[in-house]
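Engineer: this one's sequence-less:
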């Protein structure tokens, strides 16, 4: 599990958070005990969650028989090693020096905890509820228009490390090696579903098709839908923005004035769908290992993504006002006021062709999806005009 550049770099502190390097003189057990017996902030910094949330996760893993104390390392220390690695993007040598165990011991317990988290990961992914999300119900911009929306679906590219012979399919259109990860999330920053492991070159719509057709598939409740961006098609269960109409943040200028139903629809669709940006931001901030390509086998890298999302959901469930969630909850998309359209303002038109649809849908189903989007846009526009007294 050690990386080759560990041997090149003789400066251990380069791997360590500065405030932690003083602990190198202590053995691993003492370091873990110091953190868990100290202020809650130390647990947040080192293990990326509150102390009581950390202990509860230890209890869950022990109760299910997935981890056990050993003669040398108790469960709390095993989980601490794992969380410290993924929460600070450290390599085996750095953690080996801090916890005072061999590289083999660190690697073994890292993989044991990873597999234990994977074994209970499904317990932390909950399907969408039938109730209208409060983020929609309590905001006049979104209710009643998006009342059947259960969340948003998007893809994210996570850096990956693979052998030279395998790099071709993993090189994405930006030229970097990555895995294309699909996520379905709620509007309150919980993951409903994760599909990791697809090559970086795979088209987003192809990954979504895989999520909808595999054994452990993404389930969309009857009569409900997810919001998706321009990478995807408008189809049953998924409402995309109108193509050829401003949509992304850099296409909305200050003092944006929607000129017609499609522009207003795209603007509000964007605000609501931006939940995916916030959940990905919180995930990467908590687990910076996802921002690099760790030198693990590919299967381990894939598991890490799923495990990180599962732990994210666990923390969101047990500590919804966690410090990171507070930060990303405040970033509620673009903060622009809607105002009445002025004819002299001319908005740029971005010509984006909808992606080709690989999934087999009946033409009537696709037409129904198109009508649904048009109906939402028309109702939204009528109320928008009425509210301005025109």
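Structural biologist: Okay, I see it. In this text the structure is predicted, and so the values were computed from the model without any measurement.

Engineer: those helices in the stretch 101-250 of the chain, which residues are they?
Structural biologist: 103-120, 134-137, 167-170, 204-213 (DSSP state H, counting those that start in this stretch).

Engineer: Mean pLDDT and distance to residue 242 added to these, as JSON lines?
Structural biologist: (Each C-beta comes from the backbone N, C-alpha and C, glycine too.) Below are the helices of the stretch 101-250 of the chain laid out as JSON lines (pLDDT from 0 to 100; distance: least, Cβ to Cβ, whole Å):
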{"stretch": "helix 103-120", "mean pLDDT": "97", "distance to residue 242": "40"}
{"stretch": "helix 134-137", "mean pLDDT": "96", "distance to residue 242": "20"}
{"stretch": "helix 167-170", "mean pLDDT": "97", "distance to residue 242": "32"}
{"stretch": "helix 204-213", "mean pLDDT": "96", "distance to residue 242": "17"}
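
Engineer: Could you report the distance from the residue nearest in space to the middle of the chain to residue 166?
Structural biologist: Central residue check for the chain by Cα atoms, centre = their mean: the C-alpha nearest the mean position is that of residue 280, 3.6 Å away. Relative to residue 166, residue 280 is positioned 25 Å away (criterion: Cβ to Cβ, to the nearest Å).

Engineer: What strands flank the top strand by length along the chain, and is each parallel or antiparallel?
Structural biologist: The strand spanning the most residues in the chain, taking DSSP state E as the definition, is strand 149-159. Taking DSSP bridges as the criterion, strand 149-159 pairs within the sheet with strand 178-185 (antiparallel), strand 225-227 (parallel).

Engineer: Could you pull out the strands in the stretch 201-350 of the chain for me?
Structural biologist: Here the stretch 201-350 of the chain has its strands, by DSSP state E, counting those that start in this stretch, at 225-227, 238-239.

Engineer: Centre of the chain to the shortest one, how far?
Structural biologist: Shown here is strand 238-239, whose average C-alpha point lies 19 Å from the average C-alpha point of the whole chain (Cα atoms, centre = their mean, to the nearest Å).

Engineer: can you check stretch 277-285 too?
Structural biologist: Mean C-alpha position of stretch 277-285 versus that of the full chain (Cα atoms, centre = their mean) differs by 6 Å.

Engineer: Report the rounded mean pLDDT for that stretch.
Structural biologist: Over the span of stretch 277-285, the pLDDT mean works out to 97.

Engineer: Tell me where the protein is predicted with low confidence.
Structural biologist: 1-28, 249-255, 331-360, 389-390 (pLDDT under 70).

Engineer: ok, the nearest residue to residue 260 once chain neighbours are set aside - contacts?
Structural biologist: Using Cβ to Cβ, 6 or more residues apart in numbering and skipping residues adjacent in sequence, the residue nearest residue 260 is residue 381, 7.1 Å away. Residues counted as contacts of residue 381 (Cβ atoms under 8 Å, 6 or more residues apart in numbering) are 260, 261, 264, 265.

Engineer: burial measure for the first one, as a count.
Structural biologist: Residue crowding around residue 260 was assessed by other Cβ atoms under 10 Å; the count is 13.

Engineer: Same check on the last one?
Structural biologist: Counted by other Cβ under 10 Å, the residues lying close to residue 265 total 26.

Engineer: was I right about it contacting residue 380?
Structural biologist: Yes: the pair formed by residue 265 and residue 380 meets the contact definition of Cβ atoms under 8 Å, at 6.1 Å.

Engineer: The nearest residue to residue 160 once chain neighbours are set aside and residue 194: what is the separation?
Structural biologist: Counting by Cβ to Cβ, 6+ apart, residue 179 is the residue found nearest to residue 160 once chain neighbours are left out, at 4.8 Å. Note on residue 179: its distance to residue 194, by Cβ to Cβ, is 11 Å.

Engineer: Need the overlap of contacts for the two.
Structural biologist: Counting by Cβ under 8 Å, 6+ apart, the common neighbours of residue 179 and residue 194 are residue 305.

Engineer: quick one: contacts for the spatially closest residue to residue 312 that is not a sequence neighbour?
Structural biologist: By the measure of Cβ to Cβ, 6+ apart, the closest residue to residue 312 outside its immediate chain neighbours is residue 283, 5.4 Å from it. Neighbouring residues of residue 283 by Cβ under 8 Å, 6+ apart: 290, 308, 309, 312.

Engineer: What of residue 229?
Structural biologist: When contacts are taken as Cβ under 8 Å, 6+ apart, residue 229 is in contact with 154, 240, 241, 247, 248, 273.

Engineer: Verify the stated contact: the first one with residue 238.
Structural biologist: No: Residue 154 is beyond contact range of residue 238, at 11.1 Å (criterion: Cβ under 8 Å).

Engineer: Could you check which of these two is surrounded by more residues?
Structural biologist: residue 154 (24 against 20).

Engineer: Which parts of the stretch 251-390 of the chain are helices?
Structural biologist: If DSSP H, counting those that start in this stretch is used as the criterion, the helices of the stretch 251-390 of the chain fall at 261-273, 275-286, 298-318, 323-329, 363-387.

Engineer: For these, give me TSV that also has distance to residue 98.
Structural biologist: Listed next are those as TSV, based on distance: least, Cβ to Cβ, whole Å:
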stretch	distance to residue 98
helix 261-273	41
helix 275-286	20
helix 298-318	20
helix 323-329	23
helix 363-387	53
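
Engineer: which of these is buried the deepest?
Structural biologist: Across those, averaging neighbours per residue (mean count of other Cβ atoms under 10 Å) puts helix 261-273 on top, at a mean of 23.

Engineer: Could you tell me the angle between that helix and strand 149-159?
Structural biologist: Taking axes from the mean of the first three to the mean of the last three Cα atoms, to 10 degrees, one finds helix 261-273 and strand 149-159 inclined to each other by 70 degrees.

Engineer: How far does helix 261-273 sit from its chain's centre?
Structural biologist: Distance of helix 261-273 from its chain centroid, counting by Cα atoms, centre = their mean, is 22 Å.

Engineer: That one packs against which elements?
Structural biologist: Under the contact criterion of 3 or more Cβ pairs under 8 Å, 6 or more residues apart in numbering; DSSP states H and E, helix 261-273 touches strand 149-159, strand 225-227, helix 363-387.
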